[in-house]
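J.: Give me a 3D structure for the following:
(2 chains)
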2 protein chains.
Amino acid sequence: MRASAVRALFAVANRPEVVSLAGGMPNIADLPLDVVANTLSDLVKTKGQQAMQYGSGQGEPMIREQICDVMALEGIEAHPDDITITCGSQQGLDLVTRIFCNPGDVVLAEAPSYVGALGTFGSYQCEVVHVAMDDEGLQPEALRAAAQACAAAGKRAKFLYTIPNFNNPSGVTQSLERRKAIVEVCRELDILVVEDNPYGLLTLDAEPIPAIRSLDEEQVIYLGSFSKTFAPGFRVGWVLAPHAVREKLVLAQESATLCPPVFSQYAISSYLANHDWKAQIVTFKDMYRARRDAMMEALAEYMPEGTTWTEPKGGFFVWVTLPEGLDTQAMLPRAVTARVAYTPGTAFYADGLGSRNMRLSYCFPPPDRIREGVRRLADVVNREFELHQTFGLDQSPVHRRISGPGPEIN
Amino acid sequence: MRASAVRALFAVANRPEVVSLAGGMPNIADLPLDVVANTLSDLVKTKGQQAMQYGSGQGEPMIREQICDVMALEGIEAHPDDITITCGSQQGLDLVTRIFCNPGDVVLAEAPSYVGALGTFGSYQCEVVHVAMDDEGLQPEALRAAAQACAAAGKRAKFLYTIPNFNNPSGVTQSLERRKAIVEVCRELDILVVEDNPYGLLTLDAEPIPAIRSLDEEQVIYLGSFSKTFAPGFRVGWVLAPHAVREKLVLAQESATLCPPVFSQYAISSYLANHDWKAQIVTFKDMYRARRDAMMEALAEYMPEGTTWTEPKGGFFVWVTLPEGLDTQAMLPRAVTARVAYTPGTAFYADGLGSRNMRLSYCFPPPDRIREGVRRLADVVNREFELHQTFGLDQSPVHRRISGPGPEIN
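T.: The predicted model follows:
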């Protein structure tokens, strides 16, 4: 399938009759709109001249202080001066890649890994080398082997890109022991860790595990975001980086945008100051937990034997593996016809793997729609499986990587 | 002077006792804060779920339609589908450079040219070749000669970067005849024109001249912005580009930020729909006209013989040339000590020229402060000139390019 065909499919998936388990849009229906409306109105009246003016290339001091409080919830001790605000954490990833990578450089990343990150690495002509995961996340010894293989091939692995909490797309979380071991390997081989943590506070079953950044200040660049704990439309993310990197980030930010969105920073800063944002996160967690549970129950009820899936402890995503021989990319048009959509696994690999996998998201549709979506999907998988058993199909074909749904796709 | 020293100086220039003629911050004191506050409050209450959600990588359809109306004021006929929203027009410039340029490619630009553009071109390792200007703007024959010299040296000039209206820093405006001749040369040599037009609607003496884009749809990429006609803090700019370029821009935008600031787009769209934004621009123009006139009068009254300056018909900036032998970069610390700041001319050349020049901005301080600032500056220039006549100084030294003031410097 061409990129344009995938886009067309996802556009169809956005129609109301289709249950979309494809996108990654947070459900912000529970936000208190009256509180936000009053906060913004007061902001404009009292600080409008500053909030609507150009601002600092690094980001406004006030919100950088508040971000330190947010990160403290995952064990991070940070100074506001080491934070650079970005236009969503996607831009943080873009600026970090711009600073560190030349064409041909290697980035190490989980197998599978976030489609938007693979796109950014590709746009800078980096080579992505995937590192195996298991139920506890990235495998330290696989990481060591991958880095050493790169070095042996005369290539430099510039950094490890990892989503340790509720990995997108796999839903897997790194245990604390794993995090320690990963940092250890990275220190030893002098590889930076880029820790992407958009979902970290959306734990559904337990308290957050300390961030990798809390284990090492010098080896780790941390990417954070308000997109999932507040709202994505303001486009405010941040990078916490060692001092020398931070200086380069600010220069890169000035070159890229002059300054990140100023009004957005004031808006979120006011929201954090005037609203019980921690209670709001609890509300979000309760809502996502019901959806996650609905998806887990429906998968167990409807999916045919031989299908497996991960059990996320938070975040938005479940990673499904279909029986041998099925091809989720080829199946997608039939699924959309059956009024259910997902993201094929090939979107999350730079090397064309993932054809038996799909990412299902439980973040946006309500629980009853999730159950209905999984039911429809299971029907499609069952029919596909029967066809395969009757006529045979290609064994796990290797595809060119497709792009995921655009950001506006729910 | 090192970049850090220049930054330190501009930081001092931000102190209230210093009259800063250095920065480029618009004066937004005349914005109706109550109108904006109510607009945003209504927006959140009625469309908060969409305005705070992820949006289109290309930008929201509604504001792209309204932008067509804005551009029509300068003679541009455009379709909303050819517009890509960016995080300020600086990001437009960044994405265009990313798409077109490889390290070592040449960008043609006016001599002098916008410091932020030179920074972006430098960050992509482009070589900037300056093209001479006169009172009517960029000289077409100099453009032809520069492009041909590049070709003869085996280099490819990827595009011409130009600010045709009230050029930053020179304040010069291209006549319509010039625009036609420039497009003609660019068509003939197959060089794209990147037309950067942040100030175009801030005409102080006459109606706007038709944009270069209005003369050619295929050869011109147009960069627009709400930073000077509304407010910069929302970070909403746009790129109007031929269709094939627009497709690449959207992919680049998704890779860079997923989507440009959504709430900002809704905010500006609501402001445009609910407020007489054209009357607001007239208010801005009246305010800037008084400041421009104050600066012109003060320059004529105080500046020593042998000093010349441009006479801007709009925008924010005047370009001053000091008598032979003086050095504005060396003089800056003495000026700041005398409680006045400006941006040295070397910031606006990639090749170290501009040492006798300075950019004065009249956008931010009120008229009486502008007069006082120019008076102080003239004292400094006079003392410098006397020293030079008594002891001699280097003749127009060539400097390394310095960076300009950061965006937050007024």
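J.: Name the residue closest to the centre of chain A, please.
T.: Residue closest to the average C-alpha location in chain A (Cα atoms, centre = their mean): A:Asn168, at 4.5 Å.
J.: Excluding sequence neighbours, find me the nearest residue to it.
T.: A:Tyr114 (4.7 Å; Cβ to Cβ, 6 or more residues apart in numbering or on different chains). For the C-beta atoms, the positions are set from N, CA and C on the backbone; glycine is no exception.
J.: Enumerate every residue touching that neighbour.
T.: Contacts for A:Tyr114 (Cβ atoms under 8 Å, 6 or more residues apart in numbering or on different chains) come out as A:163, A:168-169, A:196, A:348.
J.: Up against chain B, what does the stretch 201-350 of chain A have?
T.: A:227, A:231-235, A:251-252, A:254-264, A:266-267 (Cβ under 8 Å from any Cβ of the partner chain).
J.: again, only this time at 6 Å
T.: For the stretch 201-350 of chain A, the residues found near chain B under the criterion Cβ under 6 Å from any Cβ of the partner chain are A:231-235, A:255-259, A:261-263.
J.: With the stretch 1-150 of chain A instead?
T.: Checking the stretch 1-150 of chain A against chain B by Cβ under 6 Å from any Cβ, the hits are A:25, A:28, A:33, A:36-37, A:40-41, A:44-45, A:48, A:51-57, A:87-88, A:90-91, A:94, A:119-120, A:123.
J.: Pull out the buried residues from the residues you listed.
T.: A:25, A:28, A:33, A:36-37, A:40-41, A:44, A:48, A:51-57, A:87-88, A:90-91, A:94, A:119-120, A:123 (16 or more other Cβ atoms under 10 Å in any protein chain shown).
J.: now, which of those residues lie within helices?
T.: Those of these mapping onto helices are A:33, A:36-37, A:40-41, A:44, A:48, A:51, A:88, A:90-91, A:94, A:119-120, A:123, per DSSP state H.
J.: What is the burial count for A:Glu77?
T.: Neighbours of A:Glu77 under the rule other Cβ atoms under 10 Å in any protein chain shown: 10.
J.: Against chain B, how distant is it?
T.: 27 Å (Cβ to the nearest Cβ, to the nearest Å).
J.: Excluding chain neighbours, what is closest to that residue?
T.: Counting by Cβ to Cβ, 6+ apart, the nearest residue to A:Glu77 once its immediate chain neighbours are dropped is A:Ser214, at 7.4 Å.
J.: what about the stretch 301-410 of chain A, any weak spots by pLDDT?
T.: A:393-410 (pLDDT under 70).
J.: returning to what we had before: from the contacts of A:Tyr114, which land in strands?
T.: Among the contacts of A:Tyr114, the members falling in strands (DSSP state E) are A:Asp196.
J.: Could you identify the most distant pair in the contacts of A:Tyr114?
T.: The span of the contacts of A:Tyr114, defined through Cβ to Cβ, is set by A:Asp196 and A:Phe348 at 13.7 Å.
J.: what about the residue nearest to A:Glu218 when sequence neighbours are not counted, neighbour count?
T.: Nearest non-adjacent residue to A:Glu218, counting by Cβ to Cβ, 6+ apart: A:Pro242, 5.4 Å away. A:Pro242 sits with 15 neighbouring residues when counted by other Cβ under 10 Å.
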